[in-house]
Structures are given as C-alpha cells and as structure tokens.
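Student: show me the folded form of this:
(chains A and B)
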Amino acid sequence: MWTFIHKWGSPKWFYAMSARLQPWCWAAALMLIALGTVWGLGFAPADYQQGNSFRIIYVHVPAAFLAQSVFVSMAAASLVFMVWKIKVADMAATVMAPFGAVMTFVALFSGAVWGVPTWGTWWMWDARLTSMLILLFLYLGVIALRGAFASRDGGSKAASVLAMVGVINIPIIKYSVDWWFTLHQPSTFSVTSRPAMPVEMWLPLLIMVLGFYCFFIALTLMRTRSEILRREINKRWVIDLAREMR
Amino acid sequence: MTQGQKATPAIAETARPGGLWIAFTATLKRDMTLMFRRRGELINPLVFFALVITLFPIGISPEREVLALIAPGLLWVAALLAALLSLDSLFRTDYDDGSLEQMLLAPQPLAALGLAKVVAHWLLTGLPLALVAPLLGVMLALPAGSYGVLVLALLLGSASLSLMGAIGAALTVGIARGGVLLSLLILPLYIPVLIFGVGAVQAAIIGEGVAAHLAMLGALLAASLLLAPWAIAASLRISING
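Tutor: Residues are numbered from 1 along each chain as shown, chains lettered A, B, ... in the order given. The predicted structure follows:
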C-alpha cells in the first residue's frame, strides 16, 4: 500500500501512470460537461422567478465550487511538498494555482452577469461575491510570490507556506465577511432565500459539478506532466524519452 | 549511574546557551534600540496615518455628518495601511547585514526570536498608531463615546496585523523590491481584523455591546500569536536558504 503511494512521488512513475489515467479523465469530463450543458441549457425547466437567466447557475456554481476546492487541493499538495519533500506535489501545486484563479474569475464574472437580471446591477457587495474576490487576491498572491523568487526552489517553498497560511485564513475570512454582510444586509432580492430546487433542475447541476471536477483532474494531470518534463529536462529518462519519440 | 546523573547537569551548566526568555528579551531590546536610533523612520508611519486621514475630508467632503459616518472605517483602513507600510523594513536590515543568519544559527528557536522582533515592531508602530487614532478621530468628527473602544480595538487588532504581516515580510525579505508584493500577499489576510475592528467602533457609536467584536479581535490575536511565529520562522528559513 505504502509503496504504491510512494511510487507516485517519483516524477518518472507519475509521468508514465498519468498517461494511462489521463484519457479516462478527459472522456469523463467532456461527456459530463456536454450532457450537463445540453440538459441544463436546453431541457431543464425555467425558473418561475428568474426565467431563463437562472441557467447561469450551471456555470457559476461549478466554478465557485472548484475555486474553493482547488485552493484546498493546492494547500494539501503544498503540505505534502513541505513535509515529505515530494517534488511532484509541488509541480501539481504550481499548475493548480492559475487554474484556480481562472475558476475564481469565472465564478466572479458569471456572478456579475447574473447580477444584471436579478439585482439590476453588475456588482453588489454581496457576501459570496466579496469572499470570492478576496479568494482571487489570495490566488494572485500565491502566483506572484512564486514568480518573484529568482530560484525555483525558494519560490516553491515560499508559495507553499503562503498557500497553507491562506487555507487557514479562508474560513476565517469567509465567516467574517458573512458576518459583515448580515450587518449591512441591503433589502434586495437574496439568492439564498430561494425555495429548494426540483430534481430536474439540480440533477444537471450535479452533472456539471462532477464534470468540472473531472476537467480539473484531467487538466492538472496534463499540465503536471508538462511541468515534469520542463523541470526534469536534463534527467536521463527524459532524454531517453525524447530520443524514443524521435 | 549516579556518576552519569551528576555529570549531566555539570555539562549542561557549562554548555548551556542563554535561556529562551533571555534570548527573547535580548532580541526585543536590541530591536527597540535599533529602531530608536532611527527616529525618523519611527515617526513616518504616524505621519503617513495623519496624512491619509487628511486626504479624505479633502477628497470626499468636509461636512461633519458625512465624516462621522465614515470615520471608523477611514481610521481603521489608514492605520492598517500605515502598519503595512512599516512592515517592509521589519527584517530588511537584519537580512542585509547578516544578523538574520546569526539568529537562524542561534540555539534558541527562530520562532521565539522572530516573535521578539514582531513585539518590538508592534510596540513602536501599532501602539503609537492606536494612541494617535483618537486625535485623528476628533478631526473626523468621530461621535463621542467610541474613542475608548477605538483605542482598544486598534491595540488588539494592530497586534494581529503585525503578526500576520510579519509572515509576508519574512517571505518577501529576500526579494529585491518586495514592497508591493508584500501588500498583495498580506492585505487579503487583514480583512477579518478590519471587519471586526470597524464593527467594534460602529457598535460603540450606535450604543450596542462591543464585547463580541473585541472578543473576536482577541480570538484572532490568540490564533495568530499561536500560529504566526512558526510560519514566520519557516518563511525566514526559506528566504535565507532558498
């Protein structure tokens, strides 16, 4: 069992094994997203309050889910890297940061677009939007810190510490922002007080969320593989691999 | 066996480094002395604080009603930025002249020495900022009855700000121009302190209980006091060793 886990820490093993996993993840992601999109946009019933504009939920909610999960996975990978010095974990954390930032941006942007029909404005200092915005800044901080170091090793360790500090702070920030928002609650339509969704509405949403997660795994595998090749470019096995390719 | 037991304290006596407390107070004293020798830098955050506060009546409106409404938030944001500005130099000189490496090699844990430096920083920036705030509050027509709470909240809050900011300062000390990066890393983490700090002052103004907000600020301080020194020590090691 342990040797099985340990093997994944070797870049060579990871490269070989992820090649086998990758197609399945991509297939699952594409199928789920295609199914969820067609079902959600075409066949799910329209919301009785918001009409068709509620369909933004099928992009907004999965992106918001991922924005938070990616930060947690990034911090977990950082912890593995800092404690066991497993380089593959750091490579995964490196490629996760920009993806998480993009997902946070997608969640913010789709939230803003959704705001136009529901709130009548592009931006509201709503508790969720505000914590998403802060999360985006946390992602940008991790990315910027990694890039600011001249040595890659120093940048990796610094970004790992920051990711772990950030993941401890995320719940604190989230709850304090929620608390702040309840204090300044404007008397407008609130998304939270909506009645429960019927099955035909949330089932495509669930499929979309799963599809986004598969997409995240597939993309992380793919980008970690290229990161492995980039960092191990002078290693024997990479040179051999390049020779075989030719 | 008895011999061994006798010998152990003797060795410990001769080879024992200064205790943890001695190292802590020595670092604290050293930092205070160094900061007092550069009085100009000591005053700068306070001048910055006053200057930023001056900008708002000019930029928004000199009317007392308007100012009183935004005064708690303004005072907090300006104090937060002043504290942030002073953080960049927290480890900078020690990094440049090599004292930081000596601290790293010292037998006492780096976390304790880092904490001593943060305490010195707070005593000479956070504390003065909290004491000056009521004066600026008068200029912003802050309603009476909230001045004591403002000072108390700033005292508690600025200590957390110093602790959390020191993590960022330690992470960026090895980077040539880390000032802007430091604010990018640290400002998102300051938001809970800002929320509860402003909340305390606003609650005092409308006559509600302030205990909950101050308790939250205290909880944030306790948590950062517990966790930040380790993060500071780890970050300093990364900045020095790469």
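Student: what's the strand or helix carrying B:Val132 in contact with?
Tutor: Using DSSP states H and E, the element containing B:Val132 is helix B:127-139. Helix B:127-139 is contacted from outside by B:45-46, B:49-50, B:53, B:57, B:71, B:75, B:78-79, B:82-83, B:142, B:146-147, B:150-151, B:154-155, B:158, using C-beta atoms under 8 Å, 6 or more residues apart in numbering or on different chains. Where you see a C-beta, it was placed from the backbone N, CA and C, and this is true even at glycine.
Student: which residues of chain B lie near chain A?
Tutor: Residues of chain B that fall close to chain A, judged by C-beta under 8 Å from any C-beta of the partner chain: B:167, B:171-172, B:174-175, B:178, B:181, B:184-185, B:187-189, B:191-192, B:195-196, B:199, B:216, B:220, B:223, B:227, B:231, B:234-235, B:238-239, B:241-242.
Student: may I see the ChimeraX selection of the buried members of those residues?
Tutor: In ChimeraX syntax, the buried subset of these is picked out as below (16 or more other C-beta atoms under 10 Å in any protein chain shown):
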select /B:167,171,172,174,175,178,181,184,185,187,188,189,191,192,195,196,199,216,220,223,231,234,235,238,239
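Student: low-scoring stretches of the chain, by residue?
Tutor: This is for chain A. For chain A, applying pLDDT under 70 flags the ranges A:184-196.
Student: let me rephrase: I mean chain B.
Tutor: Looking at chain B by pLDDT under 70, you get B:1-17.
Student: which parts of it are helices?
Tutor: Using DSSP state H, the helices found in chain B span residues B:2-15, B:20-37, B:39-59, B:64-87, B:92-97, B:99-105, B:110-121, B:127-139, B:147-172, B:179-205, B:211-241.
Student: quick check: which of those is nearest to A:Arg230?
Tutor: In terms of C-beta to C-beta, the element of the helices of chain B nearest to A:Arg230 is helix B:211-241, at 21.9 Å.
Student: where's B:Gln108 relative to chain A, distance?
Tutor: Look at B:Gln108 and chain A: by C-beta to the nearest C-beta, to the nearest Å, they are 21 Å apart.
Student: what's around that residue, how many residues?
Tutor: If you count neighbours by other C-beta atoms under 10 Å in any protein chain shown, B:Gln108 ends up with 19.
Student: repeat for the one 5 residues further on
Tutor: Using other C-beta under 10 Å, B:Leu113 is surrounded by 26 other residues.
Student: ok, now which ones touch the residue most central in space within chain B?
Tutor: The residue lying closest to the centre of chain B (C-alpha atoms, centre = their mean) is B:Ser162, at 1.8 Å. Counting by C-beta under 8 Å, 6+ apart, B:Ser162 touches B:Ala83, B:Leu87, B:Val118, B:His121, B:Trp122, B:Thr125, B:Gly126.
Student: contact partners for the closest residue to it other than its chain neighbours?
Tutor: Sequence neighbours aside, B:Trp122 is the residue nearest to B:Ser162 in space, at 4.3 Å (criterion: C-beta to C-beta, 6 or more residues apart in numbering or on different chains). The neighbours of B:Trp122, taking C-beta under 8 Å, 6+ apart as the test, are B:Ser158, B:Ala159, B:Ser162.
Student: can I get those residues in CSV with distance to B:Pro134?
Tutor: Listed next are those as CSV, based on distance: C-beta to C-beta, whole Å:
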residue, distance to B:Pro134
B:Ser158, 14
B:Ala159, 18
B:Ser162, 20
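Student: which among the contacts of helix B:127-139 count as buried?
Tutor: B:45-46, B:49, B:53, B:57, B:71, B:75, B:78-79, B:82-83, B:142, B:146-147, B:150-151, B:154-155, B:158.
Student: for chain A, what lies in contact range of chain B?
Tutor: Residues of chain A found near chain B, taking C-beta under 8 Å from any C-beta as the criterion, are A:82, A:134, A:137-138, A:140-141, A:144-145, A:148-149, A:151, A:153-154, A:157-158, A:161-162, A:164-166, A:168-169, A:172-173, A:176-177, A:179-180, A:183.
Student: out of those, which sit inside helices?
Tutor: A:82, A:134, A:137-138, A:140-141, A:144-145, A:148, A:153-154, A:157-158, A:161-162, A:164-166, A:168-169, A:172-173, A:176-177, A:179-180, A:183.
Student: returning to that earlier point: out of the helices of chain B, deepest packed?
Tutor: Of all the helices of chain B, helix B:147-172 has the most neighbours on average by mean count of other C-beta atoms under 10 Å in any protein chain shown, namely a mean of 26.
Student: picking that back up, in ChimeraX, how would I select just the buried ones from the residues of chain A next to chain B?
Tutor: The following ChimeraX line selects those of the residues of chain A next to chain B that are buried, judged by 16+ other C-beta under 10 Å:
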select /A:82,134,137,138,140,141,144,145,148,149,154,157,158,161,162,164,165,166,169,172,173,176,177,179,180
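Student: quick one, what contacts residue 90?
Tutor: Answering for chain A, as no chain was given. Contacts of A:Asp90 by C-beta under 8 Å, 6+ apart are A:Ala77, A:Ser78, A:Phe81, A:Ser156, A:Ser160.
Student: actually it's chain B I care about, not the one you picked
Tutor: B:Lys117, B:Val118, B:His121, B:Gly165, B:Ala166, B:Ala169.
Student: most widely separated two among those?
Tutor: Taking C-beta to C-beta, no two of the contacts of B:Leu90 sit farther apart than B:Lys117 and B:Gly165, at 11.9 Å.
Student: correct me, but B:Leu156 touches B:Gly218?
Tutor: Yes - look at B:Leu156 against B:Gly218 with C-beta atoms under 8 Å: they come within range, at 5.8 Å.
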